[in-house]
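> just the structure for this:
(2 chains)
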Protein chains: 2
Amino acid sequence: MPEYKAPQRDMMFVLNDVINVSELAELPGFEDATPDIVQGVIDEAAKIIENTIAPLNETGDREGCRFDNGTVTAPAGFKEAYQLYAESGWTGLDKSIDFGGQGLPYTLATAVTDMLSAGNDAFSLYPGLTNGACEALVEHGSQELQDIYLEKLTTGEWTGTMCLTEPQAGSDLSQVRTKAIDQNDGTYLVEGTKVFITGGEHDFVENIIHLVLARLPDAPAGVKGISMFLIPKFMINSDASLGERNPVVCASIEEKMGIHGSSTCVMNFENAVGYMIGNPNEGLRYMFTMMNLARLMVGLQGLGVAERATQGAIEYAKERKQATAINGGATIIHHPDVRRMLMTMKALTEGCRMVAYDTAKQYDISKAHPDASVRKTANDRVELMTPICKAFATDTGCEVASLGVQVLGGAGYIRESGMEQHMRDAKIFCIYEGTNAIQALDLVGRKMKLNLPQNFITEMAAKLEAESSNSELAFILEPMKIALELLDETTQWLIKAAQEDPQNPAAAAVEYLTLYSLLTHGYFWVIAAKAALIKQDDSFCQAKLATAQFFAAKILPRVHSLAPAIMSGAAVVMAAEEDGI
Amino acid sequence: MPEYKAPQRDMMFVLNDVINVSELAELPGFEDATPDIVQGVIDEAAKIIENTIAPLNETGDREGCRFDNGTVTAPAGFKEAYQLYAESGWTGLDKSIDFGGQGLPYTLATAVTDMLSAGNDAFSLYPGLTNGACEALVEHGSQELQDIYLEKLTTGEWTGTMCLTEPQAGSDLSQVRTKAIDQNDGTYLVEGTKVFITGGEHDFVENIIHLVLARLPDAPAGVKGISMFLIPKFMINSDASLGERNPVVCASIEEKMGIHGSSTCVMNFENAVGYMIGNPNEGLRYMFTMMNLARLMVGLQGLGVAERATQGAIEYAKERKQATAINGGATIIHHPDVRRMLMTMKALTEGCRMVAYDTAKQYDISKAHPDASVRKTANDRVELMTPICKAFATDTGCEVASLGVQVLGGAGYIRESGMEQHMRDAKIFCIYEGTNAIQALDLVGRKMKLNLPQNFITEMAAKLEAESSNSELAFILEPMKIALELLDETTQWLIKAAQEDPQNPAAAAVEYLTLYSLLTHGYFWVIAAKAALIKQDDSFCQAKLATAQFFAAKILPRVHSLAPAIMSGAAVVMAAEEDGI
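Predicted structure coming up:
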């Protein structure tokens, strides 16, 4: 079982040489985010994750969560590790100092989550979901609710959940049936059952704060009639001490393919007392405040699992001897097909890291930049990149974890190797917080209407043009140019085809998201390759450049299958009669 | 948990309308394989598999095999189901009547294994591995060994294993260290440890016959010094009764990602008594007799798991309601992206069935046809198609099972759904009996030297040409023509590039196998579409034609990413310095 080592060299390369993180320290409020602090934060986070949290990944998988009459016990060590993590201030890294946070950029929190997800993806969900609850409270909660709950959530003393899904309401939240009755005393009584609630019950902390979607009796049908409620596990007395147990009860936990260390709960709200967040019937909008951050986090889970699988596969391939390779190498890393798999893993993983970190930087700019138009531009990029970060990085997690097992061969299929766990864990990332198809529909739907994909195509074209005189980058600029033309053609086709039949973009959405993601990766590989060329002084930069070349030659060509598949239209997808399928 | 239903309509379509199974009845020895018998065999096999074996799939996964001090107990019901399966004559379906078999074509056994794998892939391994042992004995065993062992194996009264892998000798059998010492009494004492031995120990039958690779003391190094030995768990007395326990001991079983119902054993041969099969130092060649059949069987496991995942996903999608689709449909099968996934699953699964069944028919012709040149041609096709059946069908198994989970969403990730088991089971098929990379190296190496891929390209081109006047097939003939030109170009490139650097074909082998497989599928989709056009009288044929169209429009375009990736060469794969990876 390989140990997790934070890929600090690559993380710092992305932060410094790809996204230029030092620019963040120029933003008001982020003055503390100096290069020293950035390096220090990464160093310290790496320590606690490598030493305390990552070693619980395999034991957590094996042991799983235990359910007993409404209580849930996480695997051994999780509670203590969580408390250390929270007490060390990691849960509040990017939260406002007004509520007990550290006030550092989200970009830094992203780098920490990259490590945390890789170290222990099941563990990462407990603080991860709390983040979304914090953000919804910050953005939409009353001053009173903020005063009572926000600091406890920020410091990780309590955790939070997102209670959206019901048996009949998964991707389709219009079907939410949970009811909330106004008690006319500032509280509501909430009744209903929520399923697949991550961290709905566990033994880490003394209180759990549920953000719950429910309907008022007179609410309009569909998503326009959903309100959001804050429902604590324990009521809070006026002196801030814990009060009565609220009747929100974990009925059972799910037996899952993976992420066994994360409790996935059926939660019964049995006339539980709740407080409305914001205004009635605006819950869906507030939900997206949580959801958008959660989607970026899930993308980081994809990145994290890909990183860990890649590390494990490389370590194995450097040690395992099996037939002398053509080049005379004794270990299997010298076998061309093993190398092909490892380079695929590296290229996809490192690409996802660049996109994730840059999106995080845009998020920080969108929040903190003094100029509204700069904030708007940055926010547009975050909006565009959210489905890409979520869907492509999680597809990557699955692809890379599967390759990891393949590199190890029979050994990879045995639980002891630790590799098959990554495959089992990774699959859920493609599903929760909006399936990857939902992400793709968002991209070809709302985001396309806002011109966001089109605008970034223009930006990418300008970048390619700006670098066009650099002959050392021709290896990627030339295929990127062709690929970008294909993306542009496909985008134009989609816009036109949507008018002819709205099924056209829907049938091609997933392939279009993948195509778009490949171009986005290519865009960042141009930047990375340029930086590596300048600094080509060690094996890291040599490999970085080689990985860029590999991406251009072996991965970017995927666009040539996606484009014709997209433009073949919906008719061919929908043609079969249901009875014959 | 959806029940397994044998896809009899599709199986009969492939047998009758794609591969013309009735031709087999014209071969000497196969006179009994009349249409009535074929239908009867499929009907009866479907019954026992649907009713008795498939229901044990989920319980087998959950319960797994238990190890206790050298004994292995399979999950509840497996033993009884196996005994019923054997007693009903299914293990000997395609074995010679001289040894207690039914003497029917291998093509029929292939159809049965398709169902058996889908019904319960872990279960299917017990009779599956026995088949390989039978074949090695038939081809290479002495009359005496055949007389003692063959009927018991054919009838399934005993089972067989293939003991090849050792900790240091996985893909590289040159490293086999197990020793055999000649006792000069017709027996050898065999000492060594074999790992990953499927069915090495279990509780189904009273004797297990191991075919073991080992070295004589004076054997040449490497694969030219490997001999094959038959080692029974219990010795056989001269009156055919069971004798002493041979010291071949199961030391432990592996805890795996999936196929929990199959025992995967560490086997210690502690000076166990064995009998040499054939001649000294020719064990590798005999091993391939087993291995080639085992590879085709594993391909059927890929097909089987794909079929079962597809059935489960279709059933779910026809029932699950979640947001009204654009076309007004209430269930998710009407959502274009869900439909895209289901059609991908259908197209790949049905394509694998066509290739597998046709390869089986060629196998029968290669054994039974009176004309040696016809036998040779058929054998060439089997040789070419073995890596394709094994690797592409098992990659398909993984892709389709993963799509199956995706169609079900969160429900698919829960064990209760039965779908995640398919993903866990499917991965090993890409690894055992020669990893898919080994298959691909076989294709670009030995098979290419024999001109087998080249010859079938010519055959495919002729087929496209022969159909070219059929305008109703233009939807597939046109893209196939372009794809075939690409395959031809790629093949010529590989041959040339191999001379410049033998790493070139090795680095591109997996992509080339995938490319070749897509063309092979396309070739059969032309045949299937033609048949469906003629018979376009019901929803099955309507859907078959729609699936051919989907293949042509959405799956075949994958060739356009594979070809440039292949022809980018090995340098870009091998460029990174090991230290930087």
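> for the stretch 101-250 of chain A, which residue gets nearest to chain B?
When distances are taken as C-beta to the nearest C-beta, the stretch 101-250 of chain A approaches chain B most closely through residue A:172, which lies 3.9 Å from it. Bear in mind the C-beta positions are built from the backbone N, C-alpha and C, glycine included.
> name the nearest residue to whichever residue of the stretch 401-550 of chain A sits closest to chain B, ignoring sequence neighbours.
With C-beta to the nearest C-beta as the measure, the residue in the stretch 401-550 of chain A that lies nearest chain B is residue A:543; the distance is 2.8 Å. The shortest distance from residue A:543 to any residue other than its chain neighbours is 2.8 Å, reached at residue B:580 (C-beta to C-beta, 6 or more residues apart in numbering or on different chains).
> again, but for residue A:134
Counting by C-beta to C-beta, 6+ apart, the nearest residue to residue A:134 once its immediate chain neighbours are dropped is residue A:153, at 4.9 Å.
> measure that neighbour to residue A:275 for me?
Between residue A:153 and residue A:275 the distance, using C-beta to C-beta, to the nearest Å, works out to 14 Å.
> now do residue A:87
According to C-beta to C-beta, residue A:87 stands 28 Å off from residue A:275.
> between those two, who's got more neighbours?
Each of residue A:87 and residue A:275 has its neighbours counted (other C-beta atoms under 10 Å in any protein chain shown); residue A:275 has more, 19 against 12.
> quick check, the more buried one in a strand?
Yes. With DSSP: H, G, I helix; E, B strand; the rest coil as the criterion, residue A:275 is assigned to a strand.
> and residue A:270, its phi and psi?
The phi/psi pair for residue A:270 (degrees, to the nearest 10) reads phi -110, psi 70.
> tell me how many other residues crowd it.
Using other C-beta under 10 Å as the criterion, residue A:270 is surrounded by 14 other residues.
> next one: the closest residue in space to it that isn't next to it in sequence from residue A:226, what distance?
Distances taken as C-beta to C-beta, 6+ apart put residue A:247 closest to residue A:270, at 4.1 Å, once the chain neighbours are dropped. Summarising the geometry, the distance separating residue A:247 from residue A:226, computed by C-beta to C-beta, is 22 Å.
> so those two - more neighbours on which side?
When residue A:247 is set against residue A:226 and neighbours are counted by other C-beta under 10 Å, the residue ahead is residue A:226, at 26 against 16.
> got a list of what the more buried one touches?
Residues near residue A:226 by C-beta atoms under 8 Å, 6 or more residues apart in numbering or on different chains: A:173, A:176, A:213-215, A:219, A:281, A:283-284, A:287.
> quick one, longest helix in chain A?
helix A:283-319 (DSSP state H).
> can you give me the buried ones in the helix or strand following that one?
Remark: after helix A:283-319, the chain's next helix or strand is helix A:336-368, criterion DSSP states H and E. Of the residues in helix A:336-368, those buried under the neighbour-count criterion (16 or more other C-beta atoms under 10 Å in any protein chain shown) are A:336-368.
> what angle separates helix A:336-368 from helix A:283-319?
150 degrees (axes from the mean of the first three to the mean of the last three C-alpha atoms, to 10 degrees).
> for the helix or strand following helix A:336-368, what is the average pLDDT?
Per DSSP H and E, helix A:336-368 leads on to helix A:372-387 as the next helix or strand towards the C-terminus. Confidence over helix A:372-387, taken as the mean pLDDT, stands at 98.
> stretch A:470-479 too?
Per-residue confidence for stretch A:470-479 averages out to 98 on the pLDDT scale.
> likewise for stretch A:203-221?
Mean predicted confidence for stretch A:203-221 is 97.
> for it, list the C-alpha coordinates in PDB.
Coordinates of each C-alpha in stretch A:203-221 appear next as PDB, following Å, rounded to 0.1, in the frame of the first residue of the first chain:
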ATOM      1  CA  ASP A 203     -19.800  11.000  15.800                       C
ATOM      2  CA  PHE A 204     -17.200  13.700  15.100                       C
ATOM      3  CA  VAL A 205     -18.900  16.800  16.600                       C
ATOM      4  CA  GLU A 206     -21.700  17.600  19.000                       C
ATOM      5  CA  ASN A 207     -24.000  19.300  16.500                       C
ATOM      6  CA  ILE A 208     -24.800  18.900  12.900                       C
ATOM      7  CA  ILE A 209     -26.500  21.600  10.900                       C
ATOM      8  CA  HIS A 210     -28.700  20.500   8.100                       C
ATOM      9  CA  LEU A 211     -29.600  22.800   5.200                       C
ATOM     10  CA  VAL A 212     -32.900  21.300   3.900                       C
ATOM     11  CA  LEU A 213     -35.000  21.900   0.900                       C
ATOM     12  CA  ALA A 214     -38.700  21.800   1.600                       C
ATOM     13  CA  ARG A 215     -42.100  23.200   0.500                       C
ATOM     14  CA  LEU A 216     -44.400  25.600   2.300                       C
ATOM     15  CA  PRO A 217     -48.100  24.500   2.100                       C
ATOM     16  CA  ASP A 218     -49.000  27.200  -0.400                       C
ATOM     17  CA  ALA A 219     -45.800  27.000  -2.400                       C
ATOM     18  CA  PRO A 220     -46.000  26.900  -6.200                       C
ATOM     19  CA  ALA A 221     -45.400  23.500  -7.800                       C
END
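> pull the distance from that stretch to the chain's centre.
For stretch A:203-221, the distance from its own C-alpha centre to the chain's C-alpha centre is 23 Å (C-alpha atoms, centre = their mean, to the nearest Å).
> same deal with stretch A:74-82?
Between the mean C-alpha location of stretch A:74-82 and the chain-wide mean there is a distance of 23 Å, by C-alpha atoms, centre = their mean.
> what comes up buried for it?
Within stretch A:74-82, the residues that qualify as buried are A:74-75, A:77-79, A:81-82, counting by 16+ other C-beta under 10 Å.
> repeat that for stretch A:317-329.
Buried residues in stretch A:317-329, counted by 16+ other C-beta under 10 Å: A:317, A:320, A:322-323, A:325-326, A:329.
> now do stretch A:296-315
A:296-314.
> may I see the buried residues of the host helix or strand of residue A:129?
Under the assignment given by DSSP H and E, the secondary-structure element containing residue A:129 is helix A:121-140. By neighbour count, with 16+ other C-beta under 10 Å as the criterion, the buried positions of helix A:121-140 are A:121-138, A:140.
> cool, and stretch A:411-420?
Within stretch A:411-420, the residues that qualify as buried by neighbour count (16+ other C-beta under 10 Å) are A:411-415, A:417-420.
> how about the residues of the stretch 101-250 of chain A by chain B?
Taking C-beta under 8 Å from any C-beta of the partner chain as the test, the list of the stretch 101-250 of chain A residues beside chain B reads A:165, A:168, A:170-172, A:174-175, A:195-196.
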